[in-house]
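Q: Structural data only, the sequence is not supplied:
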């Protein structure tokens, strides 16, 4: 099934809510969903669940930091994606979450939400 841009299920918090004071939320969402899908290879539902989570709020904070540095919205999202792909899951985070140590941070957390959704089904 092809990846699509699903709407947020959390308009007040997570990625969408956090960017409300910094950028057009819908535009940011429509840029972030495919960018994260592309680099992680995860399905749209996992990306949406990640962006709607507390981790999505932290990702939005990183995007906002890029905007504050003068980047445009697309560039700020790409910079956040690159940074989160360069960071890796630490041993402590692996113990706390079950995400394998050493995975790129973004891949690890998006996959975590994919696994959690599968477990709940």
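A: Structure received. Because the structure is a prediction, the values reported are computed rather than measured.
Q: Mind jotting down where the helices sit in this protein?
A: 14-18, 25-40, 44-51, 54-68, 73-86, 91-97, 105-120 (DSSP state H).
Q: For the first one, give the mean pLDDT please.
A: Read that as helix 14-18. Confidence over helix 14-18 (mean pLDDT, whole number) is 97.
Q: residues in contact with that helix?
A: Applying CB atoms under 8 Å, 6 or more residues apart in numbering, the external contacts of helix 14-18 come out as 8, 10-11, 25, 28-29, 32, 51-54, 56-57, 59-61, 63-64. All C-beta atoms are positioned from the backbone trio N, CA, C, and that covers glycine.
Q: at 7 Å what do you get?
A: Outside helix 14-18, the residues within contact range by CB atoms under 7 Å, 6 or more residues apart in numbering are 8, 10-11, 25, 29, 32, 51-53, 56-57, 59-61.
Q: Please apply the same query to stretch 106-113.
A: By CB under 7 Å, 6+ apart, stretch 106-113 touches 36, 39-40, 42, 46-47, 49-50, 53, 55, 81, 84-85, 89, 97, 99.
Q: quick one: low-confidence parts of the chain?
A: 1-3 (pLDDT under 70).
Q: on that earlier part again, tell me the one of the contacts of helix 14-18 nearest residue 75?
A: If you rank the contacts of helix 14-18 by distance to residue 75 using CB to CB, residue 32 comes first, at 12.6 Å.
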